[in-house]
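Peer 1: Any chance you could fold what I've pasted below:
(one chain, ligands or ions: 2)
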Amino acid sequence: MKFKAIIFDLDGVICFTDEYHYRAWKALADRLNAPFDRTINNRLRGVSRMASLEIILETYTGPELSEEEKAALATEKNEMYRESLKEMSPADLSDEVRETLNALRAKGLKLAIGSSSKNAPFILKQIGLEGYFDAVSDGNNISRSKPDPEVFLKAAEFLGMDPADCLVVEDAVSGAEAGHAGGMKVACLGDAARHGAGDWNMNSFSELLTIVEE
Ligand code: B16
Ligand code: MG
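Peer 2: Ligands and ions are numbered 1, 2, ... in the order given. Next up, the predicted model:
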């Protein structure tokens, strides 16, 4: 086997909370009269909550905001976002993702999460994957967000694996850069695949089954 472990990004790879992020940021941006669209939204993928807010504020022209006011805005967005997460259930995990994860595990691969999100434990619970992964590295155990490799290096460390033995799966260009910066090969989906950011750029999640056998 080419790899011993796979580290999965969460939003945009295992499940699709990216639309909920978009709607919550859009509501906040509209209230601030800050133009925001899906092109700008693509830059938020994999980026931490506070770094995302700074991107939203690039088009804001109102009175200067203090750090406290910025923190309050990020909390306001997160509360809207978490309302959407409450609606999620195991039905939000596709059959393709569930079956592919089980098949990868059956090949003897260790499986981990490497997500920038502080909400990762809640999302995993909502979609029925609480306790499923061999390790979870997320926004709660890092101080530097993607494209810094910290989240993936921590995941490899939690698994007890050499980074070179781990494959990263990502939908964000910043996440693919983070995987490469950590010395890992990267398989991309979605936006990152469209940008050709991966060593493999996939159309569907189940292509991982052939990538690990190559
Ligand atoms: P939170 P991922 C990332 O998750 C999202 O892609 C990104 O849009 C979000 O800002 C970030 O998590 C932080 O999320 O506000 O929940 O802590 O793609 O790395 O799984
Ligand atoms: Mg993502």
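Peer 1: elements contacting the lengthiest helix in the chain?
Peer 2: Ranked by number of residues, the top helix in the chain under DSSP state H is helix 67-85. On a contact count with 3 or more CB pairs under 8 Å, 6 or more residues apart in numbering; DSSP states H and E, helix 67-85 meets helix 18-31, helix 49-56, helix 120-126. Where you see a C-beta, it was placed from the backbone N, CA and C, and this is true even at glycine.
Peer 1: Tell me which of the ones you listed sits nearest to ligand 2.
Peer 2: Ligand 2 sits nearest to helix 18-31 of all these, at 6.7 Å, using CB to the ion.
Peer 1: Mind jotting down where the strands sit in this structure?
Peer 2: Applying DSSP state E to the chain gives strands spanning 5-8, 110-114, 135-137, 166-170, 185-188, 200-201.
Peer 1: Now distance to E68 too, for those strands, in TSV please.
Peer 2: Shown next, in TSV, are the strands of the chain (distance: least, CB to CB, whole Å):
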stretch	distance to E68
strand 5-8	35
strand 110-114	31
strand 135-137	29
strand 166-170	33
strand 185-188	37
strand 200-201	42
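Peer 1: how about TSV for those strands, with mean neighbour count added?
Peer 2: As requested, the strands of the chain are exported to TSV (neighbours: other CB atoms under 10 Å):
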stretch	mean neighbour count
strand 5-8	26
strand 110-114	25
strand 135-137	22
strand 166-170	28
strand 185-188	24
strand 200-201	18
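Peer 1: The ones you listed: which one's closest to ligand 2?
Peer 2: Minimum separation from ligand 2 across these (CB to the ion) falls at strand 166-170, 6.4 Å.
Peer 1: does any bit of the closest one sit next to ligand 1?
Peer 2: No. Strand 166-170 is not in contact with ligand 1 by CB under 6 Å from any ligand atom; minimum separation 7.8 Å.
Peer 1: doesn't K118 make contact with G139?
Peer 2: Yes. Checked against CB atoms under 8 Å, the pair G139 and K118 is within contact range at 3.9 Å.
Peer 1: Quick check: neighbours shared by those two?
Peer 2: Residues touching both G139 and K118 (CB atoms under 8 Å, 6 or more residues apart in numbering): R49.
Peer 1: residues in the chain within reach of ligand 1, list them.
Peer 2: Listed as neighbours of ligand 1 in the chain under the rule CB under 6 Å from any ligand atom: 9-12, 21, 44-49, 52, 78, 115-119, 139, 172.
Peer 1: Quick one, which of these are buried?
Peer 2: By neighbour count, with 16 or more other CB atoms under 10 Å, the residues of the chain next to ligand 1 hold 9-12, 21, 44-49, 52, 78, 115-117, 119, 139, 172 as buried.
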